[in-house]
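[1] Predicted model, plus sequence, below.
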Protein chains: 4
Amino acid sequence: MDYPKILEEIKESLALEPKTGTVASYIPELAKISPNKFGMHLCCFEQGNFAFGDSRERFSIQSVSKVFSLTLAIQLLGNKVLERVGIEPSGDPFNSLILLENENGIPRNPLINSGALVIADILVEHLERPKEDFLNFVRKISGQSDIQFNKQVAQSEKDWGYRNAALVNLMKSFGNINGDIEEVLDFYFHQCALEMSCEELANTFMLYANHGKIFGTEEEILNTSQTKRLNAVMLACGFYDEAGEFSFKVGLPGKSGVGGGIAAIHPGNFSVAVWSPQLNEKGNSALGMLALELLTTKTGLSIF
Amino acid sequence: MDYPKILEEIKESLALEPKTGTVASYIPELAKISPNKFGMHLCCFEQGNFAFGDSRERFSIQSVSKVFSLTLAIQLLGNKVLERVGIEPSGDPFNSLILLENENGIPRNPLINSGALVIADILVEHLERPKEDFLNFVRKISGQSDIQFNKQVAQSEKDWGYRNAALVNLMKSFGNINGDIEEVLDFYFHQCALEMSCEELANTFMLYANHGKIFGTEEEILNTSQTKRLNAVMLACGFYDEAGEFSFKVGLPGKSGVGGGIAAIHPGNFSVAVWSPQLNEKGNSALGMLALELLTTKTGLSIF
Amino acid sequence: MDYPKILEEIKESLALEPKTGTVASYIPELAKISPNKFGMHLCCFEQGNFAFGDSRERFSIQSVSKVFSLTLAIQLLGNKVLERVGIEPSGDPFNSLILLENENGIPRNPLINSGALVIADILVEHLERPKEDFLNFVRKISGQSDIQFNKQVAQSEKDWGYRNAALVNLMKSFGNINGDIEEVLDFYFHQCALEMSCEELANTFMLYANHGKIFGTEEEILNTSQTKRLNAVMLACGFYDEAGEFSFKVGLPGKSGVGGGIAAIHPGNFSVAVWSPQLNEKGNSALGMLALELLTTKTGLSIF
Amino acid sequence: MDYPKILEEIKESLALEPKTGTVASYIPELAKISPNKFGMHLCCFEQGNFAFGDSRERFSIQSVSKVFSLTLAIQLLGNKVLERVGIEPSGDPFNSLILLENENGIPRNPLINSGALVIADILVEHLERPKEDFLNFVRKISGQSDIQFNKQVAQSEKDWGYRNAALVNLMKSFGNINGDIEEVLDFYFHQCALEMSCEELANTFMLYANHGKIFGTEEEILNTSQTKRLNAVMLACGFYDEAGEFSFKVGLPGKSGVGGGIAAIHPGNFSVAVWSPQLNEKGNSALGMLALELLTTKTGLSIF
């Protein structure tokens, strides 16, 4: 596969695209990012790494972090995680309270906000020093010991986090949050405020393309079966109410964040991360979606 | 892969399972089927065919037929089909009117009842002799020239088809049905009344594992890209509001029907069909789901 | 009370109002009506009748007829009517299917479309010649032997009645329609196609201000308790999802129709009917609502 | 009207009723109340006061207090209150978040929890010492200078108030809460923890039967128009999703609370309060509803 040529073509195609999306502005820290940032990093089992643009600049990974917290929760509790959160696509916007109310406080899946808050609650309950331990876990699976929470972003999320506070209070009223509400929210806002580059995200996501083992060290984080299932959840639920569209056009398990990042994998073949802060109306990176669609079209590599 | 051994093990495991589901009884013709029927047929590219039980007995394929009507619609109209139906999982029971009402009569996807009715409307509009032409299409892709509609089942579906009539009338009120309501329903009820065996279903579904070409003749029905996308839709939407669960546990694109049949594929590897009429509370074959879960666990072959 | 002066003031106030609403256009027959028609007729127990404008011109009373069909159903079956229809305000648009689906096919109340279709089903079941008998009932309580269905309107309603067909099919699927769907719809479309003038409506509605007795002949149609309850249902449910607004601003039990008519009563004091075809965004006559608000403000007569 | 005899009959009827409801138990303080408490107090313009049972024992008035906070908000801001809260019945349980989400954080009406929280926010914003000033207002309109908040109940509401916290956070996310969330909730929980007897409630509610003037002193709290409108809101929205039922069977504006109290009025005639802690499945006092139904049946006095 001539990856250098394919990435060059993708870069050229995207340069011609009109910029139509809008940068997330619900907190000032995200609104400050230049809308023109664009980076892409591809990590292949056989042929190594390929990248272009701002692929080494760290950005706020936001909801992409939900994959990491879910990974850690599965490592700690296995299938017991599923007693408190479903695995069905939501068919509703990412922060909907409606489904929660109709389903007795059990979130539809762990990759929407409510589900990620339950995962946060699990981690707060089972980790000794939740934020530090989680950060160390991400440092381990990424191989980057200097990954950090952006404290300002975390604070800003908290200052404007009324909807997440509504979600966690509602679930607490149904008995599906065990911990202290403030502590769970604090953990969640920090988790979302992780900063990583495309290169780091792609390297970390190799874990999910590599049957649950860290690429390079081959240390097992999840077993094969757990990894497959997590990939299935990413495919079905990783893109809010655009999951079907992404699966249809791209055909890879992945996860997006409102910071404009997307990471995705093809089991046994590659992992990939893109970053472009302009979001489409569903809250996913517009150019990022397109870049990945071009990638699977040009390589012919989707899981279907 | 030792498929004979794997199928033998599946057969033995299922024999030990308690029978807990209920046979579909909304029409008398389905209620008459023996709950103990069970058949399975696996069709591999490399190693040929393997089967056990009632794998050659024809049964009412019901919603599995939605894959065939969608295939024909895509063949006729390509992506234009998507102007009238979405591709997102529904997160709601298969015959829900709620989503239709909230989304101006555009069904969430073509594999729920409302979506399949829109596809039926498209076929009624574009085929000269809709029922005959569709039947001939299924005969061609299956290679079985004696496949038939069960007229009694079609009539019974019609006699009890008030909810489908509600769906089609509601969509007509939004302008998303062009044809005559009675004709669209008549086509749809016939389509669902197709009878095929596990062997025939598995052979036909090889089309979707074979990049859109009929297995054997290699005649192209869909192109590679169309086939991938249809597989993505099956994975996301093929099991009503249990699609996430199926994707999670089985990890294959597929489609179920209330007659107790399920067909699924692994691109480039195999197709498989199972039949057991006892349904779980979501309307999918209980043992069928389990058989496919065992198959992907034992073979290690899921798409993730 | 100086009613002539009050009506004169209302007439003058309305003449100064900007005309902002839109005439119902879902069927051609209604769209043809001049938007400038306006009539008002007040019928008092003590002081007799007062009117102005087009108060003697007949128009399509549409949903106002639901009060008459409900009256007849209560006369025939008493409280048994309530086994098949609720009495709670709907909080949703008049033709919503959502509530029906969530409540097993039991309409929220008898004055929304679904509820009126259940009442139509009851009348079709219990009347020998449903349409004729219902027409004769309306002729009796109005004292007008020449009241007619407009056959063209009824036909047009039928030609465009997909949403009502959806409602009745959905309820049939839940077992809450006993009769033949076509017959129920035919009855309903005729009922809605009744033509009456403001004068005739006001005279007929005196029944509800007069404890259930026809004003003049004093023949009892409903008993006192039944009449009170029907008035309570009109107040809570007579104006679709604007019932609270009407109750708040006008404070009288009443019923509106998309033909632009509204009839209302003050028990023991008066009945009133207005007609202006321009509807607000909730489907109620804009000027009609205002006229009644002025009436209760100027007379000080609301039920609160 | 022979009120003593009527009340005696009601008392006897209720004694024969099976006790089927359940005492509110979501906070320990309410669960401790004897389920057999029953009191009734009727206050007539012409004939004075009549009572029986535990009519002088104070209990937690809970949501009945929403009428008093709304009264004070209207006194302070007039119709501007309606810019932030609707006046339509909700058709959903009293603490539903669904409607809020669909309507951009504007509660359906001021008598459901979300609406009362907006009213609380208004009072927190406009009163100098919110809790003290509100308490003094209730003392003034009741003529009882020793009315108190039950601090333990307020604290307990707070300890278990996750759903109310979810509501207020959700509305804050839509910009419909101006104040500090903790302060608004603290005010609301205190307001709900007011303790009054049937006698005191009936005397206070005379205000709403008396065109907005305190009965006795004739001091105007609301004007006639405001009072009528508030009464209309009570009729439409005072009993959660049983408002239609109450209006149908009782036919009086009123308000219930989960402490088992109900207060209601007939404009120009009487006010009445009942207390029985056993609630029906809608959260309204079962015997209280029945007592009021008997009262309007026996007196023939409903507003319809």
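    Arrived safely, thanks for sending.
[2] Could you pull out the strands in chain A for me?
    A:22-23, A:39-44, A:48-53, A:59-60, A:148-149, A:194-196, A:254-256, A:261-266, A:270-275, A:278-279 (DSSP state E).
[3] possible to save those strands as a markdown table with mean pLDDT?
    A markdown table is the format used below for these (pLDDT from 0 to 100):
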| stretch | mean pLDDT |
| --- | --- |
| strand A:22-23 | 91 |
| strand A:39-44 | 98 |
| strand A:48-53 | 96 |
| strand A:59-60 | 98 |
| strand A:148-149 | 98 |
| strand A:194-196 | 98 |
| strand A:254-256 | 97 |
| strand A:261-266 | 98 |
| strand A:270-275 | 98 |
| strand A:278-279 | 96 |
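[4] Looking at these, spot the one closest to C:Pro18.
    Proximity to C:Pro18 (CB to CB) singles out strand A:22-23 among the strands of chain A, at 37.0 Å. For the C-beta atoms, the positions are set from N, CA and C on the backbone; glycine is no exception.
[5] nearest residue to A:Ala273 other than its sequence neighbours?
    Leaving out its chain neighbours, the residue that sits closest to A:Ala273 by CB to CB, 6 or more residues apart in numbering or on different chains is A:Leu201, at 3.7 Å.
[6] quick one, what contacts the one you found?
    If a contact means CB atoms under 8 Å, 6 or more residues apart in numbering or on different chains, then A:Leu201 has A:41, A:61, A:64, A:261, A:263, A:273 as its contacts.
[7] Can you give me the neighbour number for the residue lying closest to A:Met234 once chain neighbours are set aside?
    Excluding the flanking residues, the one nearest A:Met234 by CB to CB, 6+ apart is A:Pro253, at 3.8 Å. A:Pro253 has 29 neighbouring residues, counting by other CB atoms under 10 Å in any protein chain shown.
[8] Repeat that for A:Asn104.
    A:Asn104 has 10 nearby residues by other CB under 10 Å.
[9] I'd guessed A:Met1 sits against A:Lys298; true?
    No - applying CB atoms under 8 Å, one finds A:Met1 not in contact with A:Lys298, separated by 9.2 Å.
[10] ok, the two, which is more surrounded?
    Taking neighbours as other CB under 10 Å, A:Met1 and A:Lys298 compare with A:Lys298 leading, 17 against 14.
[11] which non-adjacent residue is nearest the more buried one?
    A:Ile6 (4.7 Å).
[12] Isn't the one you found up against A:Thr297?
    No - between A:Ile6 and A:Thr297 there is no contact under CB under 8 Å: 9.7 Å.
[13] List of residues touching stretch A:19-33?
    A:35-36, A:59-60, A:150, A:152-153, A:156-157, A:159-160, A:258-260, A:276-280, A:283, A:285-287.
[14] Contact residues of chain A facing chain B?
    Residues of chain A found near chain B (CB under 8 Å from any CB of the partner chain) are A:86-92, A:99, A:108-109, A:224-225, A:227-229, A:231-233, A:235-237, A:241-245, A:247-249, A:251, A:253, A:267, A:297, A:300, A:302-304.
[15] Would you write a PyMOL line that selects the buried entries of the residues you listed?
    Only the buried entries of the residues of chain A next to chain B go into this PyMOL selection, using 16 or more other CB atoms under 10 Å in any protein chain shown:
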select buried, chain A and resi 86+87+88+89+90+91+92+99+108+109+225+227+228+229+231+232+233+235+236+237+241+242+243+244+245+247+248+249+251+253+267+297+302+303+304
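[16] In the stretch 51-200 of chain A, what residue spans correspond to helices?
    For the stretch 51-200 of chain A, the helices defined by DSSP state H, counting those that start in this stretch occupy A:65-77, A:98-102, A:113-126, A:130-142, A:151-159, A:162-173, A:181-192, A:198-209.
[17] ranking those by burial, who's on top?
    Ranked by mean neighbour count, the helices of the stretch 51-200 of chain A are led by helix A:198-209 with a mean of 26 (mean count of other CB atoms under 10 Å in any protein chain shown).
[18] mean confidence for that helix?
    The average pLDDT within helix A:198-209 is 98.
[19] And stretch A:119-135, by the same measure?
    Stretch A:119-135 comes out at a mean pLDDT of 98.
[20] Kindly check the end-to-end length of it for me.
    End-to-end distance for stretch A:119-135, by CA to CA, to the nearest Å: 15 Å.
[21] And the contacts of that stretch?
    The contact list for stretch A:119-135 (CB under 8 Å, 6+ apart) reads A:66, A:68-70, A:72-73, A:76-77, A:81, A:84-85, A:110, A:147-149, A:168, A:177-179, A:183-184, A:186-188, A:190-191, A:194.
[22] so of the residues of chain A next to chain B, which ones are in helices?
    Judged by DSSP state H, helices contain the following of the residues of chain A next to chain B: A:99, A:224-225, A:227-229, A:231-233, A:235-237, A:243-245, A:247-249, A:297.
[23] Could you list the domains of chain A?
    Domain assignment for chain A, taken from automatic domain parsing, gives A:3-61+A:195-299, A:63-194.
[24] how about those domains in JSON lines, adding distance to B:Asn210?
    Shown next, in JSON lines, are the domains of chain A (distance: least, CB to CB, whole Å):
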{"stretch": "domain A:3-61+A:195-299", "distance to B:Asn210": "17"}
{"stretch": "domain A:63-194", "distance to B:Asn210": "28"}
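[25] do you know which of those lies nearest C:Arg139?
    domain A:63-194 (48.1 Å).
[26] Quick one: distance of that closest one to the chain centre.
    Taking CA atoms, centre = their mean, to the nearest Å, one finds the center of domain A:63-194 at 12 Å from the center of the full chain.
[27] Please name the residues that touch A:Pro89.
    Neighbouring residues of A:Pro89 by CB under 8 Å, 6+ apart: A:108-109, A:236-237, A:243-244, B:88-89, B:91, B:236, B:243-244.
[28] would JSON lines of the strands of chain A with mean neighbour count be doable?
    What follows is the strands of chain A, written out as JSON lines (neighbours: other CB atoms under 10 Å in any protein chain shown):
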{"stretch": "strand A:22-23", "mean neighbour count": "16"}
{"stretch": "strand A:39-44", "mean neighbour count": "24"}
{"stretch": "strand A:48-53", "mean neighbour count": "16"}
{"stretch": "strand A:59-60", "mean neighbour count": "26"}
{"stretch": "strand A:148-149", "mean neighbour count": "17"}
{"stretch": "strand A:194-196", "mean neighbour count": "24"}
{"stretch": "strand A:254-256", "mean neighbour count": "30"}
{"stretch": "strand A:261-266", "mean neighbour count": "28"}
{"stretch": "strand A:270-275", "mean neighbour count": "29"}
{"stretch": "strand A:278-279", "mean neighbour count": "22"}
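[29] Good, wrapping up.
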